[in-house]
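Novice: Take a look and give me a structure for this.
(one chain, ligands or ions: 1)
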Amino acid sequence: MNYYSLNKISPTVSFEEATIKGQAPDKGLYFPSEIPKLNKSFVTNIKSYSKQQIGFEVMKPFVGESIPGDVLQNIINETINFDFPLVKVHEGVYALELFHGPTLAFKDVGARFMSRCLSYFNRNKNKHTTVLVATSGDTGGAVANGFLGVDGIDVIILYPSKKVSTVQELQLTTLGKNISAIEINGSFDDCQRIVKEAFADNDLNKRFTLTSANSINVARWLPQQLYYFYAYQQWQYNEPPVISVPSGNFGNICAGILAHVSGLPVKHFIAACNANDVVPQFLQSGNYQPKKTIATISNAMDVGNPSNFVRVLELFDQQINDLKNILSSYSVSDAATKATVNEVFNQYNYTLDPHGAVGYYALIDYLGDNVKNSSGGGIFLETAHPVKFPETVEAATNTQIEIPERIKHLFNQKKQGIQMNALFDDFKEWMMNK
Ligand SMILES: *Cc1c(COP(=O)(O)O)cnc(C)c1O
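Specialist: Sure thing, here's the model as predicted:
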């Protein structure tokens with residue numbers, strides 16, 4: 001399998017090169033040169049496959065010759081070592097819980113897969129690779145955890161001081177080993193600016209092999225397809241499900257649509273957005289108008305210009321009407337999100353996180369009366385555990401969220417952050433003295 005740049009200038013590359021580069025030299029996103037067609041018997045008999053077998057079957061064509069089969073199977077076994085349960089919330093509505101990984105967010109799968117691919121590609125090099133990431137909260141934890149203890153790779157994460165939740169900060173700052181967390185006295189935008197300057201800096205590039213681990217990397221994007229296979233594997237009805245995906249940068253939903261185009265039965269997709277409504281507006285007007293990011297309570301989806309949407313369009317040859325046949329999109333306000341967390345807790349005793357609540361709300365809106373029709377119904381992706389957003393969830397449910405066993409240890413550990421002003425020169429000096 002080769003990958004071409006969506007800007008169509010840079011040459012096509014292998015999976016290995018696309019993973020190492022992240023973005024094409026012409027600044028385009030990499031896209032697979034063909035969409036594999038799933039074997040019909042695989043889809044029909046999906047219930048008889050293990051999660052790890054599904055992972056191998058789906059990822060093999062995308063990885064191609066870059067990784068030998070036995071190594072790929074190992075990478076998948078290590079990546080997929082937790083569950084993705086489909087939980088009934090009420091008649092016709094199911095949550096696919098993607099928060100059972102080590103950092104309680106769905107980004108764990110992509111981060112774990114990518115880190116192991118990079119480590120394999122690095123196997124014969126004696127030079128360390130340094131992964132640089134700016135995070136507003138969720139990405140950093142997943143990347144840090146995914147790369148923890150991986151040979152040949154150092155990770156440096158920049159996060160904005162006092163703007164991430166307690167659990168998120170502990171996840172970033174207590175790992176140690178090959179992970180350094182830098183607490184920037186500034187905003188997420190400052191962190192991103194410093195990272196961008198670092199990638200462009202000659203001295204740093206001479207001294208380090210720098211890579212980014214953001215969501216446009218094919219090795220983070222493509223394994224997200226697996227969620228949709230796991231959803232389908234647990235689906236009990238003959239009619240395929242409608243699937244609602246809380247969306248920000250549109251990587252997750254784009255992976256789902258890719259799985260569908262290659263043959264996975266899905267009735268309809270819903271891109272559930274918060275106040276950042278570029279895509280809902282586009283599907284209505286045909287006009288793609290990036291906007292300044294609006295801060296919301298579902299902050300992992302605060303994206304004003306979703307990077308992966310060009311990939312969604314590419315899947316449909318830029319034909320917006322074909323896209324509209326399979327995709328609808330909703331914008332959900334913070335007020336509606338809070339009311340949904342409250343209502344679903346009171347009526348069904350299910351605790352949503354703010355992102356899942358946006359997905360639930362959009363699904364209910366789309367299904368309308370069909371929600372009561374037991375032959376169908378739908379699934380929303382629950383992308384994070386509610387404990388990561390305690391202020392919103394506890395206020396909306398009037399109860400304290402219980403801390404899951406697997407993160408309790410965090411609270412006994414010492415934060416090992418490095419504090420820094422939001423100045424590139426300070427960051428560079430620190431790097432050069434490492
Ligand atoms: C990253 C994230 C999203 C958005 O996913 P995209 O792939 O960027 O659309 C949704 N929910 C949570 C909890 C996230 O961390």
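Novice: how many neighbours does residue 176 have?
Specialist: 12 (other C-beta atoms under 10 Å). (C-beta placed from N, C-alpha, C; glycine too.)
Novice: what's the distance between it and the ligand?
Specialist: 24 Å (C-beta to the nearest ligand atom, to the nearest Å).
Novice: check contacts around that residue.
Specialist: The neighbours of residue 176, taking C-beta atoms under 8 Å, 6 or more residues apart in numbering as the test, are residue 416.
Novice: same thing but at 10 Å, please
Specialist: 148, 413, 414, 416 (C-beta atoms under 10 Å, 6 or more residues apart in numbering).
Novice: Which one of these is nearest to residue 216?
Specialist: The closest of the contacts of residue 176 to residue 216 turns out to be residue 148 (C-beta to C-beta; 22.4 Å).
Novice: How about the residues of the chain by the ligand?
Specialist: Within the chain, the positions near the ligand by C-beta under 6 Å from any ligand atom are 105, 107, 138, 215, 246-252, 300-301, 355, 383-384.
Novice: ok, back up a step: mind giving me the ChimeraX select for the contacts of residue 176, buried ones only?
Specialist: Those of those that count as buried under 16 or more other C-beta atoms under 10 Å are selected in ChimeraX with:
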select :148
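Novice: Can you name the two of the contacts of residue 176 that sit furthest apart?
Specialist: 148 and 414 (16.3 Å).
Novice: Tell me who's in contact with the most centrally placed residue in the chain.
Specialist: By C-alpha atoms, centre = their mean, the chain has its centre lying nearest to residue 107, at 4.1 Å. The contact partners of residue 107, by C-beta under 10 Å, 6+ apart, come to 98, 101, 138-143, 145-146, 215, 220, 224, 251-252, 300, 383-384.
Novice: again, but for residue 306
Specialist: 215, 247-251, 253-254, 271, 273, 276, 278-279, 282, 288, 290, 312.
Novice: can you check residue 276 too?
Specialist: 247-248, 291-296, 298, 301-306, 331.
Novice: Please report how far it lies from residue 336.
Specialist: 14 Å (C-beta to C-beta, to the nearest Å).
Novice: you'd agree residue 399 is in a helix?
Specialist: No - secondary structure of residue 399 (DSSP: H, G, I helix; E, B strand; the rest coil): coil, not part of a helix.
Novice: Does residue 304 touch residue 278 like I think?
Specialist: Yes - counting by C-beta atoms under 10 Å, residue 304 does reach residue 278; the two are 6.7 Å apart.
Novice: Common neighbours of those two, please.
Specialist: 289, 290, 291.
Novice: JSON lines for the residues you listed, including neighbour count and secondary structure?
Specialist: Shown next, in JSON lines, are the shared contacts of residue 304 and residue 278 (neighbours: other C-beta atoms under 10 Å; DSSP: H, G, I helix; E, B strand; the rest coil):
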{"residue": "289", "neighbour count": "11", "secondary structure": "coil"}
{"residue": "290", "neighbour count": "12", "secondary structure": "coil"}
{"residue": "291", "neighbour count": "13", "secondary structure": "coil"}
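Novice: quick one: which of these is nearest to the ligand?
Specialist: Comparing the shared contacts of residue 304 and residue 278 against the ligand with C-beta to the nearest ligand atom picks out residue 290 as the nearest, at 15.0 Å.
Novice: OK, contacts around the closest one?
Specialist: 278, 282, 303, 304, 305, 306, 309.
Novice: ok, 6 Å please
Specialist: 278, 304, 305 (C-beta atoms under 6 Å, 6 or more residues apart in numbering).
Novice: next one: residue 31
Specialist: Residue 31 touches 4, 6, 314, counting by C-beta under 6 Å, 6+ apart.
Novice: Please identify, among these, the one with the most neighbours.
Specialist: That'd be residue 4 among the contacts of residue 31, by other C-beta under 10 Å, with 20 neighbours.
Novice: Pop out the phi and psi values for it.
Specialist: phi -110, psi 160 (degrees, to the nearest 10).
Novice: what are the bridge partners for it, then?
Specialist: Legend: beta-bridge partners of residue 4 under DSSP bridges are residue 31.
Novice: List the contacts of it.
Specialist: 12, 31, 33.
Novice: What is the one helix or strand residue 343 maps to packed up against?
Specialist: In this assignment (DSSP states H and E), residue 343 forms part of helix 334-348. Under the contact definition 3 or more C-beta pairs under 6 Å, 6 or more residues apart in numbering; DSSP states H and E, helix 334-348 sits against helix 354-367, helix 390-397.
Novice: try 10 Å this time
Specialist: Judged by 3 or more C-beta pairs under 10 Å, 6 or more residues apart in numbering; DSSP states H and E, helix 334-348 is in contact with strand 86-90, strand 93-97, helix 354-367, helix 390-397.
Novice: From the chain's centroid, how far away is the helix or strand just after the third one?
Specialist: Once the chain leaves helix 354-367, the next helix or strand it forms, by DSSP H and E, is strand 378-382. Between the mean C-alpha point of strand 378-382 and the mean C-alpha point of its chain there is a distance of 15 Å (C-alpha atoms, centre = their mean, to the nearest Å).
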